[in-house]
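Student: quick one, what's the 3D model for this:
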Amino acid sequence: MKQSPADRKAFENMAPGVLTAAGFLGNDERTLDRIIAEDEEAFLEHGLDFDKVADRLEDLAREGEQGMGEPITIGRLLVQSGEARGMLPCPWGDGLYHKNAVSVRPADIPPEACTEGEDMLIYSELSIHMLRVHHFCQGKGSPFRLDAAVLKQLLDL
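Tutor: Residues are numbered from 1 along each chain as shown. You can find the predicted model right below:
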(Lines give C-alpha, C1' and ligand atoms only; values in the text may rest on other atoms or scores of the structure.)
Protein backbone atom coordinates (compact mmCIF):
# COMPACT_ATOMS: atom_id res chain seq x y z
CA MET A 1 0.00 0.00 0.00
CA LYS A 2 1.40 3.39 -0.96
CA GLN A 3 1.49 6.02 1.78
CA SER A 4 -0.07 9.39 1.15
CA PRO A 5 2.12 12.48 1.67
CA ALA A 6 0.05 13.28 4.80
CA ASP A 7 0.69 9.80 6.23
CA ARG A 8 4.38 10.02 5.36
CA LYS A 9 4.66 13.36 7.20
CA ALA A 10 2.64 12.00 10.16
CA PHE A 11 4.98 9.00 10.37
CA GLU A 12 7.99 11.36 10.46
CA ASN A 13 6.29 13.37 13.23
CA MET A 14 5.83 10.17 15.29
CA ALA A 15 9.56 9.59 15.75
CA PRO A 16 11.01 10.11 19.24
CA GLY A 17 11.94 13.72 19.93
CA VAL A 18 9.80 15.29 17.20
CA LEU A 19 6.47 15.96 18.97
CA THR A 20 7.09 14.02 22.18
CA ALA A 21 10.24 12.67 23.82
CA ALA A 22 9.18 9.02 23.39
CA GLY A 23 7.34 9.42 20.10
CA PHE A 24 4.32 7.33 19.14
CA LEU A 25 5.82 4.16 17.69
CA GLY A 26 7.48 2.45 20.65
CA ASN A 27 9.74 -0.31 19.35
CA ASP A 28 7.42 -1.11 16.45
CA GLU A 29 9.21 -1.44 13.13
CA ARG A 30 6.07 -1.74 10.99
CA THR A 31 5.09 0.99 8.56
CA LEU A 32 2.29 3.35 9.55
CA ASP A 33 -0.17 1.85 7.07
CA ARG A 34 0.67 -1.64 8.36
CA ILE A 35 0.18 -0.63 12.01
CA ILE A 36 -3.22 0.88 11.19
CA ALA A 37 -4.34 -2.05 8.99
CA GLU A 38 -3.38 -4.63 11.61
CA ASP A 39 -5.07 -2.67 14.41
CA GLU A 40 -8.23 -2.32 12.31
CA GLU A 41 -8.15 -6.09 11.83
CA ALA A 42 -7.66 -6.63 15.58
CA PHE A 43 -10.59 -4.32 16.38
CA LEU A 44 -12.76 -6.32 13.98
CA GLU A 45 -11.64 -9.64 15.51
CA HIS A 46 -12.51 -8.37 19.00
CA GLY A 47 -15.84 -6.89 17.92
CA LEU A 48 -14.74 -3.35 18.76
CA ASP A 49 -15.88 -0.14 17.09
CA PHE A 50 -13.39 2.75 17.01
CA ASP A 51 -16.01 5.40 17.82
CA LYS A 52 -17.54 3.42 20.69
CA VAL A 53 -14.12 2.77 22.22
CA ALA A 54 -13.20 6.46 21.85
CA ASP A 55 -16.51 7.46 23.47
CA ARG A 56 -15.88 5.10 26.41
CA LEU A 57 -12.33 6.39 26.88
CA GLU A 58 -13.62 9.98 26.86
CA ASP A 59 -16.24 9.07 29.48
CA LEU A 60 -13.64 7.42 31.72
CA ALA A 61 -11.29 10.40 31.40
CA ARG A 62 -14.08 12.83 32.29
CA GLU A 63 -15.19 10.72 35.26
CA GLY A 64 -11.57 10.23 36.35
CA GLU A 65 -11.08 13.99 36.55
CA GLN A 66 -13.37 13.97 39.59
CA GLY A 67 -10.53 12.27 41.49
CA MET A 68 -8.43 15.44 41.08
CA GLY A 69 -5.30 13.44 40.27
CA GLU A 70 -6.05 10.57 42.64
CA PRO A 71 -7.37 7.19 41.48
CA ILE A 72 -11.12 6.66 41.75
CA THR A 73 -13.24 3.58 41.28
CA ILE A 74 -15.60 3.61 38.31
CA GLY A 75 -17.51 0.35 38.13
CA ARG A 76 -14.89 -2.39 38.24
CA LEU A 77 -12.10 -0.05 37.12
CA LEU A 78 -9.66 2.20 38.90
CA VAL A 79 -9.17 5.38 36.87
CA GLN A 80 -6.63 8.13 37.44
CA SER A 81 -6.58 11.27 35.35
CA GLY A 82 -3.74 13.77 35.42
CA GLU A 83 -3.26 17.04 33.57
CA ALA A 84 -0.08 18.77 32.46
CA ARG A 85 0.36 22.27 31.12
CA GLY A 86 0.49 22.68 27.40
CA MET A 87 -0.84 21.18 24.23
CA LEU A 88 0.28 18.46 21.84
CA PRO A 89 -0.30 18.57 18.09
CA CYS A 90 -1.64 15.56 16.24
CA PRO A 91 1.09 14.06 14.03
CA TRP A 92 -1.29 14.47 11.06
CA GLY A 93 -1.48 18.20 11.79
CA ASP A 94 -5.24 18.29 12.36
CA GLY A 95 -5.51 19.72 15.85
CA LEU A 96 -3.99 20.52 19.22
CA TYR A 97 -4.83 18.46 22.32
CA HIS A 98 -4.35 19.04 26.05
CA LYS A 99 -1.47 17.16 27.59
CA ASN A 100 -2.93 14.63 29.94
CA ALA A 101 -2.59 11.01 30.96
CA VAL A 102 -5.40 8.72 32.03
CA SER A 103 -4.63 5.30 33.48
CA VAL A 104 -7.23 2.57 33.69
CA ARG A 105 -6.80 -0.78 35.40
CA PRO A 106 -9.00 -3.36 37.12
CA ALA A 107 -9.88 -2.17 40.63
CA ASP A 108 -9.30 -5.64 42.07
CA ILE A 109 -5.64 -5.88 40.97
CA PRO A 110 -3.07 -4.02 43.09
CA PRO A 111 -1.08 -1.42 41.12
CA GLU A 112 2.21 -3.24 41.66
CA ALA A 113 0.72 -6.37 40.06
CA CYS A 114 -0.43 -4.55 36.92
CA THR A 115 1.62 -4.73 33.77
CA GLU A 116 1.33 -1.75 31.45
CA GLY A 117 -0.17 -2.93 28.18
CA GLU A 118 -1.49 -6.17 29.71
CA ASP A 119 -3.65 -5.18 32.69
CA MET A 120 -3.72 -1.45 32.28
CA LEU A 121 -4.17 1.30 29.73
CA ILE A 122 -2.59 4.70 29.62
CA TYR A 123 -4.00 7.17 27.15
CA SER A 124 -4.46 10.86 26.47
CA GLU A 125 -6.82 13.25 24.73
CA LEU A 126 -4.55 12.95 21.68
CA SER A 127 -4.72 9.14 21.88
CA ILE A 128 -8.51 9.32 21.67
CA HIS A 129 -8.37 11.66 18.66
CA MET A 130 -5.89 9.44 16.80
CA LEU A 131 -7.99 6.37 17.60
CA ARG A 132 -11.26 7.92 16.44
CA VAL A 133 -10.08 9.87 13.38
CA HIS A 134 -7.02 7.99 12.13
CA HIS A 135 -7.59 4.48 13.59
CA PHE A 136 -4.07 4.79 14.98
CA CYS A 137 -3.55 2.94 18.27
CA GLN A 138 0.20 3.75 18.45
CA GLY A 139 3.04 1.32 17.88
CA LYS A 140 3.84 -1.76 19.92
CA GLY A 141 5.94 -0.78 22.91
CA SER A 142 4.53 2.75 23.04
CA PRO A 143 3.43 3.61 26.60
CA PHE A 144 0.16 5.04 25.25
CA ARG A 145 -0.64 2.10 22.93
CA LEU A 146 -4.33 1.16 22.81
CA ASP A 147 -4.19 -2.59 22.25
CA ALA A 148 -7.48 -4.11 21.07
CA ALA A 149 -7.29 -7.13 23.41
CA VAL A 150 -6.65 -4.94 26.46
CA LEU A 151 -9.43 -2.54 25.44
CA LYS A 152 -11.85 -5.47 25.09
CA GLN A 153 -10.85 -6.90 28.46
CA LEU A 154 -11.04 -3.64 30.40
CA LEU A 155 -13.89 -1.78 28.74
CA ASP A 156 -16.46 -4.58 28.38
CA LEU A 157 -17.50 -3.37 24.92
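
Student: hang on, Ala101 in a helix?
Tutor: No. Looking at Ala101 with DSSP: H, G, I helix; E, B strand; the rest coil, it is strand, so not inside a helix.

Student: what's the pLDDT at it?
Tutor: Per-residue confidence for Ala101 comes out at a pLDDT of 92.

Student: ditto for Glu65
Tutor: pLDDT, the model's per-residue confidence, is 89 for Glu65.

Student: Gly69 too?
Tutor: Looking at Gly69, its pLDDT stands at 78.

Student: run a quick neighbour tally on it.
Tutor: As a burial measure, the neighbour count of Gly69 was computed by other C-beta atoms under 10 Å and equals 10. For every residue, glycine as well, the C-beta is placed using N, CA and C.

Student: ok but it is inside a strand, no?
Tutor: No. Under the criterion used here (three-state DSSP), Gly69 is coil, not part of a strand.

Student: for it, which non-adjacent residue is closest in space?
Tutor: Gly82 (5.4 Å; C-beta to C-beta, 6 or more residues apart in numbering).

Student: contacting residues around the one you found?
Tutor: Listed by C-beta atoms under 8 Å, 6 or more residues apart in numbering, the contact partners of Gly82 are Gly69, Asn100, Ala101, Val102.
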